[in-house]
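S.K.: Sequence plus predicted model, see below.
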Amino acid sequence: MVWAKEVELNTAELLLVQTGNGFNSFKLAAQKDHLEVLQRIWDLDEEMQMNSSELSNNLLPDKDKYGYMAWHLAAVLGSLKALELLWSWAKEAGLNRY
């Protein structure tokens, strides 16, 4: 995010900012099966060198005000490819299923 650096925005905060309902860009991309956007957010995280613990604590299990995670939103709208991508990242991050 070159433009974020130019205006001195905290990229991590920008990726995690939520709407009033608790949606962030990661959840919205998963919900609409926007795989390229999901991948770019994941790549940005790696570029910023956030550790996997920080990622797993913020992007993957993050819930909106209704209790939905990106996983739930992708499932509700049948975003199968997004579900597969989220699953592979959850396994990579070592998220506990319970």
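M.R.: Structure received. Numbers count the residues shown, from 1 in each chain.
S.K.: Residue ranges in this structure under the pLDDT threshold?
M.R.: 1-12, 48-57, 95-98 (pLDDT under 70).
S.K.: so residue 83 is in which element?
M.R.: Secondary structure assignment for residue 83, by DSSP states H and E: helix 80-93.
S.K.: what helices or strands is that helix leaning on?
M.R.: When contacts are defined as 3 or more CB pairs under 8 Å, 6 or more residues apart in numbering; DSSP states H and E, helix 80-93 sits against helix 25-31, helix 35-47, helix 52-58, helix 70-76. For every residue, glycine as well, the C-beta is placed using N, CA and C.
S.K.: Just want the angle from it to helix 35-47.
M.R.: 20 degrees (axes from the mean of the first three to the mean of the last three CA atoms, to 10 degrees).
S.K.: any idea which helix or strand carries residue 21?
M.R.: Going by DSSP H and E, residue 21 is not in any helix or strand.
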